[in-house]
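Asker: 3D model of this:
(4 chains)
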Protein chains: 4
Amino acid sequence: MKQVRVGIINATGYIGMELARLLQRHPRVILSSITGRSAIGQKLGEVLPHLADIELVIQPHLGDVDLVFSALPHKSSAEALLPALEQGIKVVDTSADFRLKNAEDYQKWYEFTHPGPQFLEEAVYGLVELNRTDIASARLVANPGCYPTGALLALAPAVKEGLIEPDIVIDSKSGVSGAGRTLSLNTHFSEANENVNAYALEGHRHLPEIVQELGKLNPGLSFSVTFVPHLVPMNRGILTSCYAKLTAMKGTGDKAKERLMKLYAEFYRDEPFVKVLTVPPRTKQTWGTNLCLIHPTIDLRTGRLIAISCIDNLMKGGAGQAVQNMNLMLGFPESMGLEGAAIYP
Amino acid sequence: MKQVRVGIINATGYIGMELARLLQRHPRVILSSITGRSAIGQKLGEVLPHLADIELVIQPHLGDVDLVFSALPHKSSAEALLPALEQGIKVVDTSADFRLKNAEDYQKWYEFTHPGPQFLEEAVYGLVELNRTDIASARLVANPGCYPTGALLALAPAVKEGLIEPDIVIDSKSGVSGAGRTLSLNTHFSEANENVNAYALEGHRHLPEIVQELGKLNPGLSFSVTFVPHLVPMNRGILTSCYAKLTAMKGTGDKAKERLMKLYAEFYRDEPFVKVLTVPPRTKQTWGTNLCLIHPTIDLRTGRLIAISCIDNLMKGGAGQAVQNMNLMLGFPESMGLEGAAIYP
Amino acid sequence: MKQVRVGIINATGYIGMELARLLQRHPRVILSSITGRSAIGQKLGEVLPHLADIELVIQPHLGDVDLVFSALPHKSSAEALLPALEQGIKVVDTSADFRLKNAEDYQKWYEFTHPGPQFLEEAVYGLVELNRTDIASARLVANPGCYPTGALLALAPAVKEGLIEPDIVIDSKSGVSGAGRTLSLNTHFSEANENVNAYALEGHRHLPEIVQELGKLNPGLSFSVTFVPHLVPMNRGILTSCYAKLTAMKGTGDKAKERLMKLYAEFYRDEPFVKVLTVPPRTKQTWGTNLCLIHPTIDLRTGRLIAISCIDNLMKGGAGQAVQNMNLMLGFPESMGLEGAAIYP
Amino acid sequence: MKQVRVGIINATGYIGMELARLLQRHPRVILSSITGRSAIGQKLGEVLPHLADIELVIQPHLGDVDLVFSALPHKSSAEALLPALEQGIKVVDTSADFRLKNAEDYQKWYEFTHPGPQFLEEAVYGLVELNRTDIASARLVANPGCYPTGALLALAPAVKEGLIEPDIVIDSKSGVSGAGRTLSLNTHFSEANENVNAYALEGHRHLPEIVQELGKLNPGLSFSVTFVPHLVPMNRGILTSCYAKLTAMKGTGDKAKERLMKLYAEFYRDEPFVKVLTVPPRTKQTWGTNLCLIHPTIDLRTGRLIAISCIDNLMKGGAGQAVQNMNLMLGFPESMGLEGAAIYP
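Answerer: The predicted structure is shown next:
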């Protein structure tokens, strides 16, 4: 079977190295070109000993490929992808640069002028469970942020079915790898260990993305979302707790909970990477996998939906979802290269 | 200066051993009697090597004391305290057994028939910042739960001043020591480490306590509270994130935030153990201390109060607050034996 | 291609669940029967949510299989395996029960009378890198202990070539999953976290196994080994530091180091799962893999060999090595089902 | 009682902030002047929220003090201390700059030319348990390194009494705070967490200090020491495992172990901060204290001493020991400001 040549822009960050790990073993892909922001000229396997089997040399510029992943931070990513976009090469961007439809939002939330606003309309938001068809025919896919992935999958059935008021609290708890490989005092071991904190209370950059995609699910509603991320002392995993008043299914006891569970189970029935659980999930149950585990329930005292989701932020929240998008874009089986249970404990 | 004889019922659990650590060095107290559920006849310092300097032998029954702390679990605690209560000895109970005013709530939430309902009315809820005067003259103080301590201190100024709607989401993140020293799979290292989960979604036992005390702060309101606790992989600390719609202070931008901050700072102005911060606190900043750090702010997009608090669950959320209560009950300076900054990092 | 029916005795412990995870995806194996010490009658995927895809029901007794893994503790394992051994079924035992050649050693080190001493001679010690040929034709393989795996692989080239005196210090640091899934205060999260300790100073049960296998490598020598294991606060991984005086290669500076490195690299040249590194390895570089990473060097000031090795204690130190043994015993490619790089970070 | 004015050079690193925490509550000291390498002009309590009660402003230069601690790294520390030394101010240096007697060793091990070699002879090595008298009359005390503190206290009784051969293996396991507050990839949370590694195999800078002080304990011997430090994923604590062949006390079974234990207990009988234990210690038992816990035993199979010690690397291995030295130098009770049991768990 013909293999496709794939490249990674910036393979030395946490998302980039996960992409390399996954693509190296993907049966239909040849990982043929990688770039980095450092270590140019070294073999990837020398820089990252756990990838010792990858002989590829880190290049300053991408070689000839059929599809490219970018694992650069926002702004740099769009800049680096422009040549590929102009050449018509297929692109999966794991940065935020093609997620928002409104170019001005980049000014407002990310503080830069978007260098390629002409591509924003074409870009498809790569949350496969909500946009499978569009992704399959897309040329440019914007891989969702880690927090939005967990939040949107937890909320989608309720929002789509109009079960909740559009006034939502999203409280997320993320492992530290979500902050990337760039050094900072907040992610210094002695500071982050044995510690929990909330951050970005004035508005995290993933908020506009969440609101934009909720709006698509139920265009009649005007969403008012409070999103507060927290850093917890573990490497991987995001647990997202969503709270919203129910408009339907209220006050009818355990039967309402069952109906809710059924509705969620039905919504995700054929999804290979979403499991609806009758008990609250734990982040570690997704470690190293592309899974999203969801537990929806009702706080009967208050008539409030509680929806909890867990993902591995570097997999379903990053590299895994990017490969899932690639599989769709190239017509491969959706789970190819993403098989295998969580490594536990 | 005369010293007071103090005893601890069940000194070998996490709250009990913290009480022993604090009381051993309290200048006005002689720790004179300790009991345990195991290790009867052994010296405490042999069973718990970090308390090697405490020569006291663990007894099956309490000796003569002027004040007793109970660090037993609910039900056992009330049972063990009845003799002391009947003899008129001063009591600080760190279990839930005298926190709720309504005896039937014990049946409903804790599944036992309260053995001493006649003491429920007399018992004072030992959240010093809200009940200082009553505690000072109390004979029986019910030390607050760890979660309610963090939640009530974060919400009290806003509730008391009527700033928020009584429809509140409380999302708490606790270190594992909150689950105590009794073994369980959930607190087995390999299971709890690198993991986060929500639990007690059907209603945690600390909920009625939170609702009861919120009601006292603003008796005109009917509170609808969703409380979801989460377990995070660290030993100590609770970070509580509270969310509620503002009824006042809405929509006026940064000035509203400043007024909110001022109101909180004023509310806790003379408190030795509460600090109102202009930035989000981190649990580790309270490690080993009796402090509660609070950051109140407004999500201007949604008109919602966000109030974040941090405590050390075994100190302000347990043994430290119990000693603070004892200090008040015995007329000692409130901070005696509770001095010292957090051990960081 | 014909698939082989494989069973796991006790699939609910940490080694057992890793075996299930690996075998479920092994292309030549049908995982057809599992037993457990608890949860009989439940699906494995219900008891262990990360294995949700495994539909097998936990049985009290093993069904018909072509090869069986035992993941029971010592003594129970031999007892449970006797029927299979008597029927001539192929066996990989991950317990210690067939590792020692001398039946009396079980009395001395494990305090039980071996129920099947007649099988001890036949049993092959399953350290593939040292016993590949014997394993390939074996019917009964004793999978090595986690500590011996790391220690023997680190020392084998030096011992075999007679480079060191037979007086060796082995200082090992293990993640907590090595202590298994059975609850204990030592592995309670709040006790094990933020803590390191040495244990079994009077002689760990893995010591006789280490000495026995070192003796086979260089039968002329009489080994005097001090082995001290330590528990460190992480889930997986063993780092082993070995120290011994060099008899050869002494005192010749960096060239001696290079010759040592070359000798090790040569020794393990064709091994799929051993990598000799020029820098010290980190346990996390083996997370989830069957790799053993080794760094040999010389302390030139003292003429001492320092050999450091890292493994994942549940993989190369347990389930992974057991599958490697099965592959050899059944004539499958040695790496089948064990591919893939470490999940990092 | 008259209070002494004390200053800290570089109060914003981990040792410096621990010094500030301890000195702030020391009854005979006024912390009157602090400097920093950053945040000049800010209050210490603003930069380090856990020290919110310290109102002192971080200055570029030290004010008038009676005694000064330096918590700068090597080289910078000697340079910064020269003015104080020339003015005759008492000094406790927590860097390595006055630990080694031979100025050339600074060139060899630390790669700089010592700016004040004339002070090396005068400097007293501040390991109180071995040098109490000299420290009491010293003007300049070199606070020991964290690793040497644990290793020397574990070995001192055996070396002094000539029980062991001078050929010693020291294998140390340190928490990450030992690497300081300066950012590096090795101490980035996602890299250091769930990971153990050996480092400095070519010779750690603490080695010459260990050898120098062992030599003073038993000047007749020529020491050959292999020292290998390891990084483990916790904030605080060093566990040191020492191994050496016994020359005496060999081969006489449990009685030999008892005699060894007695000898150690006698050696440290009157020490307020050293406890000799009959069971292996755990690092967490020293958390936040100035204690060193030691367990000496014999590997009877090999005739080898195993001595295990635990300290809190920032306390007995840093700031705590520095305050202990100050207490001696100023004639205060040795334990003043260092009281209190470990915070556990």
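Asker: Helices along the stretch 151-300 of chain A, start to end?
Answerer: Shown for the stretch 151-300 of chain A, the helices assigned by DSSP state H, counting those that start in this stretch span residues A:189-192, A:207-217, A:253-267.
Asker: Take these and write them to JSON lines, including distance to chain C and mean neighbour count.
Answerer: (Glycine included, C-beta is placed from N, CA and C.) Formatted as JSON lines, the helices of the stretch 151-300 of chain A follow (distance: least, CB to the nearest CB, whole Å; neighbours: other CB atoms under 10 Å in any protein chain shown):
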{"stretch": "helix A:189-192", "distance to chain C": "11", "mean neighbour count": "26"}
{"stretch": "helix A:207-217", "distance to chain C": "25", "mean neighbour count": "20"}
{"stretch": "helix A:253-267", "distance to chain C": "13", "mean neighbour count": "15"}
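Asker: Would you convert the ones you listed into TSV that also reports mean pLDDT and distance to C:R259?
Answerer: TSV is the format used below for these (pLDDT from 0 to 100; distance: least, CB to CB, whole Å):
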stretch	mean pLDDT	distance to C:R259
helix A:189-192	98	37
helix A:207-217	98	57
helix A:253-267	94	64
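Asker: Quick one, which of the ones you listed gets closest to chain D.
Answerer: Set against chain D and scored by CB to the nearest CB, the helices of the stretch 151-300 of chain A come closest in helix A:189-192, at 4.2 Å.
Asker: list the helices and strands the closest one packs on?
Answerer: Under the contact criterion of 3 or more CB pairs under 8 Å, 6 or more residues apart in numbering or on different chains; DSSP states H and E, helix A:189-192 touches helix D:189-192.
Asker: Checking my notes, A:V6 in a helix, right?
Answerer: No. A:V6 is assigned strand when assessed by DSSP: H, G, I helix; E, B strand; the rest coil, not a helix.
Asker: what are the bridge partners for it, then?
Answerer: A:L31, A:L67 (DSSP bridges).
Asker: Surely it and A:V323 touch.
Answerer: No. In this structure A:V6 lies outside contact range of A:V323 using CB atoms under 8 Å: 9.6 Å.
Asker: Between those two, which is the more surrounded one?
Answerer: A:V323 (28 against 25; other CB atoms under 10 Å in any protein chain shown).
Asker: Tell me which helix or strand that one sits in.
Answerer: Using DSSP states H and E, the element containing A:V323 is helix A:319-329.
Asker: is it true that A:L152 touches A:N131?
Answerer: No. With contacts defined as CB under 8 Å, A:L152 does not count as touching A:N131, sitting 10.6 Å away.
Asker: Comparing the two, which shows the higher neighbour count?
Answerer: Comparing A:L152 with A:N131 by other CB under 10 Å, the one with more neighbours is A:L152, at 27 against 19.
Asker: residue contacts, that one?
Answerer: A:127, A:130, A:144, A:210, A:213-214 (CB atoms under 8 Å, 6 or more residues apart in numbering or on different chains).
Asker: Would you tell me whether the longest strand along chain A gets close to chain D?
Answerer: Counting residues, the longest strand found in chain A (DSSP state E) is strand A:164-174. No. If you take CB under 8 Å from any CB of the partner chain as the test, strand A:164-174 misses chain D, and the best it gets is 11.6 Å.
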